[in-house]
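need coordinates for the below:
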Amino acid sequence: MQLFGGFEEATAEASARADQADCDIRDYGKKVQSLEIGYDETNDKLTKASESLEEADKQFKEVEADVAALTRRIMLMEEEDKKSAEVLCNTITKLAVTSKTADNVLKAVKVVESTCMNNEVTIEELDKNLRATIKMAVDNEQKLDELSRKLGVQEAELKRGLERAELAEKNLKGIEEELELVGEN
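Numbering: from 1, shown residues only. Below you'll find the model as predicted:
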């Protein structure tokens with residue numbers, strides 16, 4: 001029985017090692033499964049990180065393209081700024097010349113206004129003189145009409161007086177002739 005006892009012990013030892021091996025296999029299986037899960041998770045993370053990297057690379061390229069476009073735009077704007085500065089300079093020069101011309105025109109306008117005011121004063125004086133002259137002419141015309149009427153009346157009286165004088169002269173001649181006849185007789 002010793003023999004069997006030795007086998008039993010060996011069997012028990014082998015069973016214990018087998019059980020231990022089963023436990024180890026289970027533990028290793030769990031570890032492997034846990035590592036596989038970790039691997040899958042890490043692989044998913046890697047895929048996501050790769051996608052994020054590709055997306056970031058695309059965004060970088062887009063941003064780089066935008067930066068290049070903005071750089072070109074800035075250069076164009078700087079050129080436009082230079083042109084605008086030149087145009088502004090020319091415009092300011094023209095404005096200064098125009099302002100000087102406008103000042104000269106305003107001076108001329110003031111001279112013309114002064115002349116016009118003087119002319120208006122002269123015109124008012126001449127207008128007063130004209131009214132006075134017209135009044136005098138009307139008064140003189142009335143006087144002329146009155147004098148013409150008086151002259152007409154005096155001419156009529158003169159004519160009548162001449163007629164009377166002629167008549168008186170005839171009468172006088174008739175009387176003289178009669179006196180001469182009477183004087184001769």
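
would you map the helices across this protein?
2-184 (DSSP state H).

low-confidence stretches in it?
Residues of the chain meeting the criterion pLDDT under 70: 1-6, 185.

Asp35 and Leu46: what is the separation?
I think there's a mix-up here, since residue 35 is Leu and not Asp. 15 Å (C-beta to C-beta, to the nearest Å). Yep, even glycine has a C-beta here, placed from its N, CA and C like the rest.

likewise for Lys135?
From Lys135 to Leu46 the distance is 121 Å (C-beta to C-beta).

please apply the same query to Arg131.
For Arg131 relative to Leu46 (C-beta to C-beta), the value is 115 Å.

for Lys94, same thing?
Look at Lys94 and Leu46: by C-beta to C-beta, they are 69 Å apart.

Lys150 too?
From Lys150 to Leu46 the distance is 142 Å (C-beta to C-beta).

could you do Ile123 as well?
105 Å.

same check on Leu76?
44 Å.

and what of Ala12?
Ala12 is 49 Å from Leu46, by C-beta to C-beta.

one more: Ser148?
137 Å.

do the same with Leu126
111 Å.

same check, this time on Asp19
From Asp19 across to Leu46, the span is 39 Å (C-beta to C-beta).

repeat that for Lys31.
In terms of C-beta to C-beta, Lys31 sits 21 Å off from Leu46.

can you check Asp139 too?
127 Å.

how about Ala102?
78 Å.

could you do Glu141 as well?
With C-beta to C-beta as the criterion, Glu141 and Leu46 are 128 Å apart.

what's the answer for Glu78, then?
In terms of C-beta to C-beta, Glu78 sits 46 Å off from Leu46.

try Val105
83 Å.

ok, Asp103 next?
Applying C-beta to C-beta to Asp103 and Leu46 gives a distance of 81 Å.

can you check Ala96 too?
Taking C-beta to C-beta, one finds Ala96 at 72 Å from Leu46.

also Cys89?
62 Å.

equivalent analysis for Gln142, please.
130 Å.

Ala168 now?
In terms of C-beta to C-beta, Ala168 sits 166 Å off from Leu46.

and what of Ile25?
Distance from Ile25 to Leu46, by C-beta to C-beta: 30 Å.

with Glu184 instead?
Taking C-beta to C-beta, one finds Glu184 at 188 Å from Leu46.

and Thr71, by the same measure?
Counting by C-beta to C-beta - Thr71 and Leu46 are separated by 36 Å.

repeat that for Lys173.
172 Å.

how about Ser15?
Ser15 is 44 Å from Leu46, where distance means C-beta to C-beta.

what does Glu176 give?
176 Å.

same thing with Lys30?
24 Å.

same check, this time on Gln20
Distance from Gln20 to Leu46, by C-beta to C-beta: 37 Å.
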